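Q: Dropping a prediction and its sequence here:
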Amino acid sequence: MHSNAADVGSDGNIIMSIRHQDWVIKIDYRNGAGTGTVLWRLGAGGDFTMNSSDPAPRFSHQHDTHWELGSTQYLSLFDNGNTRHFWNATAHSRGQLLNIDETHHTVSQVLNLDLGIYSPAVGSAQLLMDGNVIAAHYEAGDINGTPLSQSITFYPTGIADLQSGSITYRSFRMKDMYRP
């Protein structure tokens with residue numbers, strides 16, 4: 001089992017991305033007072049129903065899973081899409097923002113952005129807020145097995161696309177050198 005991200009939510013519990021299981025799990029941590037029990041599993045064969053019209057809505061071999069907007073409602077991740085790509089060689093990696101309803105065990109896709117490329121390994125996801133404008137930044141590393149990374153930021157007014165000649169495991173978009 002390859003875990004590649006962990007995040008403590010506002011409820012004090014941990015979510016962990018387990019890449020090779022295609023799962024995100026929530027662990028009862030409660031800021032150190034929890035039992036360590038797995039509270040739920042999100043992904044294929046997990047505990048949630050996916051509400052989506054997408055024919056292949058589930059993420060696979062994901063990276064950089066974390067809570068967004070200071071809540072335990074919005075989960076952001078980079079969907080490498082290895083399982084989808086295995087069955088459909090034209091499938092691309094995606095950036096996803098998911099609305100998690102823990103009470104009813106349902107998930108809805110808020111954003112499901114096709115990056116137009118396939119990244120079999122590494123990658124990152126970040127929701128950007130600037131007033132009322134929401135943008136999403138994704139880094140697709142190791143594109144098609146070559147040492148290349150592509151940084152794609154989706155803005156309401158257009159797309160920013162940057163490339164580098166090396167593999168980037170994680171990247172972050174910042175307002176300037178001093179503020180995230």
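A: Everything's here; your move.

Q: Touching, Tyr138 and Gly95? I think so.
A: Yes: using C-beta atoms under 8 Å, Tyr138 is in contact with Gly95, at 4.0 Å. C-beta: built from backbone N, CA, C; applies to glycine.

Q: Now the common contact residues for those two.
A: Shared contacts of Tyr138 and Gly95, defined by C-beta atoms under 8 Å, 6 or more residues apart in numbering, comprise 78, 113, 115, 125, 152, 154.

Q: Tell me how far the second one lies from Phe59.
A: As judged by C-beta to C-beta, to the nearest Å, Leu113 and Phe59 stand 12 Å apart.

Q: So for these two, which residues contact both of them?
A: Jointly contacting Leu113 and Phe59 under the rule C-beta under 8 Å, 6+ apart are 94, 96.

Q: These two: which is more packed in?
A: Neighbours per residue (other C-beta atoms under 10 Å) separate Leu113 from Phe59, with Phe59 holding more: 31 against 19.

Q: and the more buried one, helix, strand or coil?
A: With DSSP: H, G, I helix; E, B strand; the rest coil as the basis, Phe59 sits in coil.

Q: And the pLDDT at the closest residue to it other than its chain neighbours?
A: Computed as C-beta to C-beta, 6 or more residues apart in numbering, the closest residue to Phe59 that is not its neighbour in sequence is Asp79, at 3.8 Å. With respect to pLDDT, Asp79 has a value of 95.

Q: Asp79 bridge partners, please.
A: On the basis of DSSP bridges, Asp79 is bridged to Arg94.

Q: Please apply the same query to Val24.
A: For Val24, the beta-bridge partners under DSSP bridges are Ser17, Leu42.

Q: what residues are up against it?
A: 15-18, 41-43, 62, 65, 75, 77.

Q: Give the pairing partners of the lowest-mean-pLDDT helix or strand in the chain; include direction for each.
A: Least confident element among the helices and strands of the chain, by mean pLDDT, DSSP states H and E: strand 133-141 (a mean of 73). Looking at strand 133-141 with DSSP bridges, its partner strands are strand 124-130 (antiparallel), strand 149-155 (antiparallel).
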